[in-house]
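Visitor: Pasting a predicted model and its sequence here:
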Amino acid sequence: MKISRKGRELKSRRIERFIREHAAWIRALSKKYGIPSAAVCAVMHKEMQETDLFDTLADAAVQTRLLPKKDSSTGPMQIFGKVALRAVNFGVSRHLTTLRELGITAAYPLDENSDKDVYTVWEKLNRDVHFNMEAGVLNLLCCAEEMTGRIDFASYGAEEWMLVFTRYNQNTHHITPYGEDVYLLYLKYSRESI
C-alpha cells in the first residue's frame, strides 16, 4: 500500500503530536534507564510511520484468538509479545525494574515458550501505551548490550547507534536501511527538546 507524500507528511505530524503528548513519560523512561529520549522518540517515530492496516488486522487476530496467530507487533513501539517478554526478563535480571513496577503479576522469569505468558505481555502492550514504551526501551537496552557489549549510550558513535536501531527491528548484526533511517530521526530528535 503506497502512501502519497502528503499522506506521509500528515502521518508524520500525527506521530510528532503523539510523541509531544507523551513527552513526560518518555523523559521519565530516559531518566530511569539512562537512554537518550531522542533514541526512544526515533524508534517510536519509525515504528509508527511503518504501521499500516496489516498491523491492525494482525492485532485483531491475536486479540480475538479466532486465528492461530498468537503474537504480533503492537502499540507505538510495534513490539511483539515474545520480544517484550524477553526484554522484561532482561530488565528484571539486571535489576533495572521489577515485574511489580511494570504491572505484571506473573512469576519471574516469564516463560517465552508459554502461550499464556506471551499473551499476557502482548495484551498489556496492546492496551497500555506506557508499558508498550517501557518494553520498547527495555528492548533497546537488550539490543544495545547484544550489539555493542555495553549500555553506555554517551560513548556511542553513529555506527553503534545504527546497529542498535537495526537490531530493534531485525535479528541481524549488520546495519540496514531501517537502522540508518532511525539514526537520522535520532539526530532530528536530538536537536529538539521534548
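Guide: Here it is on my side, so go on.

Visitor: And the pLDDT for the residue nearest to Q170 when sequence neighbours are not counted?
Guide: Spatial nearest neighbour of Q170, excluding adjacent residues (C-beta to C-beta, 6 or more residues apart in numbering): T176 at 6.2 Å. No exception for glycine: its C-beta is placed from N, CA and C like everyone else's. pLDDT recorded at T176 is 97.

Visitor: can you check H173 too?
Guide: For H173, pLDDT reads 93.

Visitor: helix/strand/coil for the closest residue to E145 other than its chain neighbours?
Guide: Sequence neighbours aside, I151 is the residue nearest to E145 in space, at 5.6 Å (criterion: C-beta to C-beta, 6+ apart). Under DSSP: H, G, I helix; E, B strand; the rest coil, I151 falls in the coil class.

Visitor: Am I right that I151 is in contact with G34?
Guide: Yes - if you go by C-beta atoms under 8 Å, I151 and G34 touch, sitting 7.2 Å apart.

Visitor: Who has more neighbours out of these two?
Guide: Neighbours per residue, other C-beta atoms under 10 Å: of I151 and G34, the larger number sits with I151, 18 against 13.
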